[in-house]
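Got a sequence here, can you model it:
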Amino acid sequence: MNKTFEKITEIVEYFHQELKKSSIAKEYLKSRGVSKDSVITFKLGYAPIKVPYFAQRFSNRIIFPFCNNSGTFVGWTSRVLQEEIKNKKYLNTHDSPEFKKSRLLYGYHLAVKEIFKKQQAILVEGQMDVILLHQAGFINTVATSGGTLKEVGARSIARYAKYCYLVFDNDDNNAGKKASLTAEKCLKDVGVTTFPVVLPEGEDPASFILTQGPDKFRKLLENARK
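Residues are numbered from 1 along each chain as shown. Alright, predicted model coming up:
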């Protein structure tokens, strides 16, 4: 591991240890349905209000570390804890040779074995969607992390999957539908058969799995193939 990756890993570990100390951060994740095991599996973290210089941009945010396809930490994205704070909801590590968020699929390093085993993937938009679907047993789930799927991400899926379910947010502004159409074209261009999944209005994969459970989510996947 080179020195850059070592430094990123050290910072991710720092955030992870800070999360263990923060009752507010742990309570927030619990309220979102995130288990203690998932906190460890995804190495979730927290940047406290008083942080070292290198972490000041991420103060009072939940940290979602990103890995490359080999499972090496390359950066992170963060989410505000309090919606009313007038800051950007999500804030990422600056682009670098190691971290280009648009080229990465969140959770891929954890999902790849299951994708290979099933020859299929589930593509969602957000980190929380991935975490909660993994908890529910859908370990072949990866996320575009709020962006549109790019060719490099599509090729990562196509390397091991023949099929891909597209489970994007059913939101008021149709952003989820547009992202799903873009992903569908991108995946078809690399030879992956896609199955768009329609969630109830106003739902995202995380909210659906929490309120309706894995059996109903599995039924949505089955219906998408009909």
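
hey, where'd the helices end up in the chain?
Here the chain has its helices, by DSSP state H, at 3-21, 23-31, 36-41, 108-118, 127-135, 151-158, 175-189, 205-212, 214-224.

What is the fourth one packed up against?
Just to be clear, that refers to helix 108-118. In this structure, helix 108-118 packs against helix 127-135, strand 141-143, with contacts taken as 3 or more Cβ pairs under 8 Å, 6 or more residues apart in numbering; DSSP states H and E. To be clear about C-beta, it is placed using only N, CA and C from the backbone, and glycine gets the same treatment.

roughly how far apart are Leu123 and Asp204?
As judged by Cβ to Cβ, to the nearest Å, Leu123 and Asp204 stand 13 Å apart.

Please look at Leu133 and Gly126 and confirm they touch.
No - counting by Cβ atoms under 8 Å, Gly126 is not a contact partner of Leu133; they are 10.4 Å apart.

Looking only at neighbour counts, state which of the two leads.
Between Leu133 and Gly126, Leu133 has the larger neighbour count (other Cβ atoms under 10 Å), namely 26 against 22.

Report the contact partners of the more buried one.
Ile122, Val124, Thr141, Pro205, Ala206, Ile209, Phe217 (Cβ atoms under 8 Å, 6 or more residues apart in numbering).

now, the most widely separated pair of these?
Ile122 and Ala206 (12.7 Å; Cβ to Cβ).

Quick check on the two: which one has the bigger neighbour count.
Ranked by neighbour count (other Cβ under 10 Å), Ile122 and Ala206 place Ile122 first, with 29 against 23.

how close does the closest residue to the more buried one other than its chain neighbours sit to Ser96?
Leaving aside its sequence neighbours, Ile122 sits nearest to Thr141 (Cβ to Cβ, 6 or more residues apart in numbering; 4.2 Å). From Thr141 across to Ser96, the span is 26 Å (Cβ to Cβ).

Same check on Lys162?
Lys162 is 33 Å from Ser96, by Cβ to Cβ.

which non-adjacent residue is nearest the residue most central in space within the chain?
The centroid of the chain falls nearest to Gln127 when counting by Cα atoms, centre = their mean (2.5 Å). Of all residues not flanking Gln127 in the chain, Phe64 sits nearest, at 4.5 Å (Cβ to Cβ, 6+ apart).

Thanks a lot, catch you later.
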